[in-house]
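*Asks:* predicted model and sequence follow; I will ask about them next.
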Amino acid sequence: VKRSSTLNNNKVLGYPISIFFIVVNEFCERFSYYGMRAVLVLYFKYFLRWDNDLATSIYHTFVALCYLTPILGAIIADSWLGKFKTIIYLSIVYAIGQVTMAVSAIHDITDKDRDGTPDNMTFHVAMSMVGLFLIALGTGGIKPCVSAFGGDQFSEHQEKQRRTFFSVFYLCINGGSLLSTIITPILRAQECGIYTQEKCYSLAFGVPAALMVVALVVFIVGSGMYYKAEPQGNIMLDVCKCIGFAISNRVRHRGKQYPKRKHWMDWAEDRYDKLLIAQIKMVLKVLFLYIPLPMFWTLFDQKGSRWTLQATTMDGNFGALVIQPDQMQTVNPILILTLVPIMDSLIYPLIQKCVNFTPLRRMTVGMLMAAIAFVCAGLVQIEIDKTLPTFPSASQSQFVNGMGMALNVSTPGVYVGLIDSSYYSNYSLVNNGKIIFTIWSDTQACNYSREFGFGSSYTFYIPGNLVCQNDITATEDIKPNTAHMALQIPQYFFITAGEVMFSVTGLEFSYSQAPNNMKAVLQAGWLLTVAIGNFIVLIVAEVAKIPEQWAEYILFASLLIVVCVIFSIMAHFYTYINPAEIEAQFMKKGDDNDEDDKKQLQKGMEMVKRNSTGSHSYDGDDDDDERKKTKM
Ligand SMILES: NCC(=O)N[C@@H](CCC(N)=O)C(=O)O
């Protein structure tokens, strides 16, 4: 009653006004998260000067951390602060983390000799690690709270509005992600700095930091309009204690003199409520099904690491449009925004006419799509490998000074350095496009211009009698990248189609199969599969140590196909339930005597059993009641 009266005061078109602030908050937060993540692997490679493997490993450790911390956020919100305060406090931690990242990327802080490269890399590495840790704590911690807090704003009878809210919420995630993955790579490609002009990672991290502050402010502005549920106690702790007791009680009663119980969780009956035990059984069934799922995320999250690094060896010239390697990631949210409505309104209903396309079947097909995406990535890599020599590093060029005096060489973006007489410079990173070098000594100066293709590398010979443009000869050490970035589009298409079938369906499946008080537990379990998936990238990359990148892609695709077969077998034996109905069996006569309790328990369990052997078909209808007796 309290909730309804709080909510009904401020409504527009039947929706509580408060959700406007939550949706805008999510848009800004996802802008902040994905914007920072888009340039992260390149920051590791080009600013911190890590190799591809280290950059990929730290990237996936960070993503894994972001999906481990939701458990922490859910525990803090449920048992202590409540969702509202948890979101505020952890958003502050998050914003501090983003600002720390932006500061860590200012090379001028330690560039004492003003040569354009940081002199104390340890400082930058340490600061960025602290920043990433705070971001992981913040983004992961608030993740299960914000969506659930949004759901809390609706009263029981507003189920339809709540469903629309979740769709808009998902579109906002991808809207924020789309905008930021376009904008932050552009910011990163700018030149900035007080002493020397370098790539502007500080700006690329600074704008997401500002957006996180905006997200926090918007959320606080809506403060007076929210329904704020009190923390209900830590259900996750209760679940763990109950499972622990069932196991220890089972171990203590091992002899033949103790009658067997139908399910090992029934050993908790001596101390715990039967309703709680039945709810835990439902959750465990779904968690068991989650075991193979991390492999999907193992492949999915390599968009931001391996695929972005792959794009650095490709040609991003799309005619009027020049695409940065990290901007290729925008293909994912663009496809999400187009594919979600197409799938929902066209593809799923069409398939449903031919086969019973249940959520678990959709997820299986989603996994296959991700495997196909990695086969595409492997084929693209083979194309790239045909065009790439291994030495020197792509996009680096050097000068050889044949003059009898020392020379300085620079471009507006890069100071190549002072080259002694009859000596050569180090390799310097040069942008693509037309570049003008200024070459000067104590007595003369001249300009030399040249067109640089994506990823090309040259050695320039400065003769003894330099006049300029026509005197300098160049040898091409590495040809410009010729494999076009458009070749990555098929792999993005398949991975995103896979995401729509797997992720969007899986989120809804986790919500619909969870008992009311354990929806957050299952959401945290779902997010945990993402964390484990990212750890698998690290393990496979470390253990397999495959020298050929294309072979690594094919290995990941093969692993996912094997896992997909296992998942489809497990899913075949899963039966869809209606948690509310099972719970109702226990609640109906909550205050009845023990005998009645037993009958209710029997009824509920029979229902679970009936469901697990039932063969009704899933008709694609969203109505929960229609789903209760459905096999995969
Ligand atoms: N297209 C990215 C996206 O929609 N991401 C969602 C879900 C991510 C996940 N692994 O569950 C997001 O919330 O960022």
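*Replies:* That came in fine, so what should we check first?
*Asks:* and the protein, what are its domains?
*Replies:* By the assignment in automatic domain parsing, the chain contains the domains 1-233, 289-388+482-574, 396-478.
*Asks:* could I get those domains as JSON lines with mean neighbour count?
*Replies:* In short, each C-beta sits where N, CA and C put it, glycine included. Rendered in JSON lines, the data for these read as follows (neighbours: other CB atoms under 10 Å):
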{"stretch": "domain 1-233", "mean neighbour count": "20"}
{"stretch": "domain 289-388+482-574", "mean neighbour count": "19"}
{"stretch": "domain 396-478", "mean neighbour count": "16"}
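*Asks:* what would those look like in a markdown table with mean pLDDT and distance to the ligand?
*Replies:* Listed next are the domains of the chain as a markdown table, based on pLDDT from 0 to 100; distance: least, CB to the nearest ligand atom, whole Å:
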| stretch | mean pLDDT | distance to the ligand |
| --- | --- | --- |
| domain 1-233 | 89 | 5 |
| domain 289-388+482-574 | 91 | 4 |
| domain 396-478 | 77 | 27 |
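*Asks:* can you add distance to residue 240 and give these back as a markdown table?
*Replies:* Supplementary listing: the domains of the chain in a markdown table, determined by distance: least, CB to CB, whole Å:
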| stretch | distance to residue 240 |
| --- | --- |
| domain 1-233 | 11 |
| domain 289-388+482-574 | 10 |
| domain 396-478 | 51 |
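*Asks:* relative to residue 239, which of the ones you listed is closest?
*Replies:* Each of the domains of the chain was checked against residue 239 via CB to CB, and the shortest separation belongs to domain 289-388+482-574, namely 6.4 Å.
*Asks:* quote the end-to-end distance of that closest one.
*Replies:* Domain 289-388+482-574 has its terminal residues 8 Å apart, counting by CA to CA, to the nearest Å.
*Asks:* stretch 217-230 now?
*Replies:* Across stretch 217-230, the terminal residues are separated by 22 Å (CA to CA).
*Asks:* kindly report the same for stretch 296-315.
*Replies:* End to end - CA to CA - stretch 296-315 spans 29 Å.
*Asks:* following element in sequence after the strand or helix carrying residue 418, please.
*Replies:* Secondary structure here is read from DSSP states H and E; on that basis residue 418 sits in strand 415-419. For strand 415-419, the following helix or strand on the C-terminal side (DSSP H and E) is strand 423-424.
*Asks:* packing partners for that following strand?
*Replies:* With contacts taken as 3 or more CB pairs under 8 Å, 6 or more residues apart in numbering; DSSP states H and E, strand 423-424 sits against strand 396-401.
*Asks:* tell me where the stretch 101-250 of the chain has helices.
*Replies:* Under the criterion DSSP state H, counting those that start in this stretch, the stretch 101-250 of the chain contains helices at 121-152, 159-189, 201-221, 235-252.
*Asks:* could the ones you listed go into a markdown table alongside distance to residue 104?
*Replies:* Compiled in a markdown table, the helices of the stretch 101-250 of the chain are given as follows (distance: least, CB to CB, whole Å):
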| stretch | distance to residue 104 |
| --- | --- |
| helix 121-152 | 4 |
| helix 159-189 | 14 |
| helix 201-221 | 8 |
| helix 235-252 | 34 |
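*Asks:* follow-up on the earlier one: parallel or antiparallel, which strands does the strand holding residue 418 pair with?
*Replies:* Looking at strand 415-419 with DSSP bridges, its paired strands and their directions are strand 407-410 (antiparallel).
*Asks:* which non-adjacent residue is nearest the residue located most distally from the centre of the chain?
*Replies:* When each C-alpha in the chain is compared with the mean C-alpha position (CA atoms, centre = their mean), residue 465 comes out farthest, at 56.1 Å. With CB to CB, 6 or more residues apart in numbering as the measure, residue 471 is the residue that lies nearest to residue 465, at 7.1 Å, once sequence neighbours are left out.
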